[in-house]
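[1] Here's a sequence, model it:
(one chain, ligands or ions: 1)
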Amino acid sequence: MKLKVVDNGKGKAVYTKEFIKNGSKVVEYGAKYHCTMYDALGTNYSLQIGMNEFVDINERTLGSFINHSCNPNLMMRYPKDKMDFKGYYFIAARDIEAGEELTYDYNTTEYDSEVWGCGFKCLCGSENCIGNFRGFKFLNGTQRNQISHLLAPYLRRLL
Ligand SMILES: [Zn+2]
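    Predicted coordinates:
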């Protein structure tokens, strides 16, 4: 799959040069090892994989440049076996046209990003933009239901 990292003025972002069909595997997250919340503090490149479990990378990967959007075109796919680091990858959540930025909704994997000081003002510009990204914990019932089909398994259980 032909992807490229571009600085689009808001920071680095990943774009696709070709059409991607709904459900296709797009890119690996690039996880290298498991870590606790304490270990993951101080990095922006960890991914939550359970209520108290995380995986981290020790260098930037293509997957780590994928930005948040409240109207994303990707979702995270989790492996059945948590030790299968290649099993953490993004799949297309809908058909994606050539030239589109690849995005996923960080609220579909991260429960509480305030605890890390990793909340931020969202610049996605979509109609349903929640304004500030802070984590799933801070979404209201309507917002949670809107992303239910994209949620990581440990967050879906909270619906
Ligand atoms: Zn937004």
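[2] Downstream of the worst-scoring helix or strand of the chain on mean pLDDT, the next helix or strand is which one?
    None of the helices or strands of the chain scores lower by mean pLDDT, DSSP states H and E than helix 37-40, at a mean of 70. Using DSSP states H and E, the helix or strand that directly follows helix 37-40 along the chain is strand 46-50.
[3] Show me what that following strand is packed against.
    With contacts taken as 3 or more CB pairs under 8 Å, 6 or more residues apart in numbering; DSSP states H and E, strand 46-50 sits against strand 53-56, helix 153-156. For glycine as for every other residue, the C-beta is placed from the backbone atoms N, C-alpha and C.
[4] could you dump these to TSV with mean pLDDT?
    Conversion of the helices and strands packed on strand 46-50 to TSV gives the following (pLDDT from 0 to 100):
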stretch	mean pLDDT
strand 53-56	89
helix 153-156	96
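[5] Could you save those as TSV and add columns showing mean neighbour count and distance to the ion?
    Converted to TSV, the helices and strands packed on strand 46-50 look like this (neighbours: other CB atoms under 10 Å; distance: least, CB to the ion, whole Å):
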stretch	mean neighbour count	distance to the ion
strand 53-56	19	23
helix 153-156	16	18
